[in-house]
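*Asks:* quick one, structure for this:
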Amino acid sequence: MTAPLYPDLAMEPLRWWDLGAVAALEEDLFAGDSPWTEAMFWSELAQGHTYLAVFDGSELVGYAGLAVHPDGADVQTIGVQRRHQGAGIGRRLMTALISEARGRPIHLEVRTDNEPAIALYHSFGFEIQGVRKRYYQPSGADAYTMGRP
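*Replies:* Coordinates of the predicted model:
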């Protein structure tokens, strides 16, 4: 593992007042795949799921969420501003989510053409378990289901 390029960026629990910025970043990153709305993120926080945000000063540059269940955990979403991708922010977020899972198996879905994300997940021990055809809408892109024991 390489050291993060931005070790001074703050990682904090996502708060309701950050949801507009998260929804805007989600829209930028996943425009063709039904990006989550601010209301959807509200619902996630209301359900008590773990959401983390990374800030450069007051600017949101990344976020990630995890739903923890008694027998496992699901990575709900993860995103990093395009200009900060490849700088270790996603790795920091994944490390924190794995810690939050406290040894439970973790599952996630990822577009089959998102090679950087797939490489990141492989580096954390995730393996491809299957394919969900036309999982992302309206693009119709396929998703890999991946898991980590």
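*Asks:* which residues does Leu19 contact?
*Replies:* 38, 41-42, 45 (Cβ atoms under 8 Å, 6 or more residues apart in numbering). Every residue, glycine included, has its C-beta placed from N, CA and C.
*Asks:* name the element it belongs to?
*Replies:* In this structure, Leu19 sits in helix 19-29 according to DSSP states H and E.
*Asks:* got it, and Gly147?
*Replies:* Using DSSP H and E, Gly147 falls in strand 143-148.
*Asks:* strand partners of that strand, parallel vs antiparallel please.
*Replies:* strand 106-111 (antiparallel), strand 127-132 (antiparallel) (DSSP bridges).
*Asks:* burial-wise, tell me which of those comes out on top.
*Replies:* A comparison of the strands paired with strand 143-148 by mean neighbour count, using mean count of other Cβ atoms under 10 Å, puts strand 106-111 on top with a mean of 20.
*Asks:* just the angle for the helix or strand following that strand relative to strand 127-132, thanks.
*Replies:* Downstream of strand 106-111, the first helix or strand assigned by DSSP H and E is helix 115-123. Relative orientation of helix 115-123 and strand 127-132, computed by axes from the mean of the first three to the mean of the last three Cα atoms, to 10 degrees: 140 degrees.
*Asks:* what distance do you get for Asn114 to Tyr121?
*Replies:* Distance of Asn114 to Tyr121, computed by Cβ to Cβ, to the nearest Å: 10 Å.
*Asks:* so for those two, which residue has more residues nearby?
*Replies:* Between Asn114 and Tyr121, counted using other Cβ atoms under 10 Å, Tyr121 has the larger neighbour count: 24 against 14.
*Asks:* Glu59: how many residues sit nearby?
*Replies:* 11.
*Asks:* I figured Leu97 was touching Ala64, is that so?
*Replies:* Yes. Counting by Cβ atoms under 8 Å, Leu97 does reach Ala64; the two are 5.7 Å apart.
*Asks:* joint contacts of these two?
*Replies:* 52, 75, 78.
*Asks:* need the buried ones from those selected in ChimeraX.
*Replies:* If you want just the buried ones from those in ChimeraX, going by 16 or more other Cβ atoms under 10 Å, the selection is:
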select :52,75,78
